[in-house]
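> What follows is a protein structure lacking sequence information:
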């Protein structure tokens, strides 16, 4: 079985990854990857969904507005500083703010009079639609949440399958968020699931500093009996340095078998996982770079206990499971082509204008004006304001 044919390059987070058809099967109709993603950007959870019609987007916004109206009626009006509100941010995009409450802090007594400072906080959700991709942004509990969501939404745009971004930012399914690297905290996790396989790639601004091989420590073969019938154990296939794209990374490939045995039969219910991991721990100087972790897991169930716990499961009754040689060929092809896309880690220049995306210069100006108007209204209401320069 040739696992290295028909590789395609995908932008995943801030990375470019070459993946084979074997992992890119069951693709959605729009040609994007069938994968799950999580992006946490400056405390916001951002997701995308492709293949969404404009009418479906409008229906979703209307339905959410109706839900928030019911929520308001069920809460004590005295506890809320303001009813739920919808704020248009840009064409086909806006945010809901709700659960607005005034919270006191720094309570003190001045000249015999009790006083305190107050801040208005609220939950917020943003929804933006562009060419079939629905962006959803959620956050809550901060006095600047509306501002954060509005500014993030102004940097969102549709990204076609196979299209490469032209500036720093984060690729999502069917979408892109323009974002200079290092401006705020971020965590991206993308997971692709296929029969027998799971591929995961993660990058985070948080630098670990602990090399992959030290994290796992000695991975010695072992057998453990739990309640007399539980068996588990593993072996190491590879454990070594593996630099890639000038990144001083490490590689660890292990096999692990666990399951319940039938006494004296050599049979039972067993699962063997072959896990190939590649990781660069990141760096803070001289050029900041995020931690990058990639892993490919082959998971196979079998009735027969292998001769060596954790050995590669080639002898099962299923031709869909690749041979050991084919698995490592595929892993080597993937791991040797993980890299940041050009410009992905560009830092924000001093005194730079916020990154904005749109279909045209006119639309970008419109987005900027809508954002400025919205933030200006927030200043006037005293809810939140732009940070001082």
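Great, that's in hand. All of these numbers come straight from a predicted model, not from anything done at the bench.

> only C-alpha atoms for contact and neighbour calcs from this point on.
Noted.

> pLDDT on the host helix or strand of residue 60, on average?
Per DSSP states H and E: residue 60 is located in helix 54-74. The average pLDDT within helix 54-74 is 91.

> chain center to the helix or strand just after that helix: distance?
As assigned by DSSP H and E, the chain's next helix or strand after helix 54-74 is strand 85-90. With Cα atoms, centre = their mean, to the nearest Å as the basis, strand 85-90 stands 25 Å off its chain's centre.

> Over to stretch 179-186?
Taking Cα atoms, centre = their mean, one finds stretch 179-186 lying 14 Å from the centre of the chain it belongs to.

> where exactly do the helices run in the stretch 151-300 of the chain?
Along the stretch 151-300 of the chain, counting by DSSP state H, counting those that start in this stretch, helices occupy 212-216.

> now the strands: where do they sit in it?
156-158, 169-172, 175-178, 186-194, 197-204, 230-241, 250-262, 267-280, 291-304 (DSSP state E, counting those that start in this stretch).

> avg pLDDT for the shortest one?
To tie it back to what came earlier, the one meant is strand 156-158. Strand 156-158 carries an average pLDDT of 97.

> Repeat that for the fourth one.
Per-region confidence: strand 186-194 scores 93 on mean pLDDT.

> where does residue 276 land on pLDDT?
Per-residue pLDDT puts residue 276 at 98.

> surely it meets residue 330?
No. Under the criterion of Cα atoms under 8 Å, residue 276 makes no contact with residue 330, lying 10.8 Å away.

> re the thing from before, from the contact counts, what lies against the helix holding residue 60?
Where contact means 3 or more Cα pairs under 8 Å, 6 or more residues apart in numbering; DSSP states H and E, helix 54-74 is packed against strand 93-110, strand 113-130.

> List the pairing partners of the next helix or strand after the last one within its sheet, with orientation.
In this case it means strand 113-130. On the C-terminal side of strand 113-130, the nearest following helix or strand under DSSP H and E is strand 133-142. Looking at strand 133-142 with DSSP bridges, its partner strands are strand 44-49 (antiparallel), strand 113-130 (antiparallel).

> Which of those strands has the lowest mean pLDDT?
strand 113-130 (a mean of 84).

> and that strand with strand 85-90, angle?
Going by axes from the mean of the first three to the mean of the last three Cα atoms, to 10 degrees, strand 113-130 is angled at 50 degrees with respect to strand 85-90.

> Buried residues, strand 113-130. List them.
120, 121, 122, 123, 124, 125, 126, 127, 128, 129, 130 (16 or more other Cα atoms under 10 Å).

> Contacts only, for the last one.
Contact partners of residue 130, counting by Cα atoms under 8 Å, 6 or more residues apart in numbering, are 92, 157, 158.
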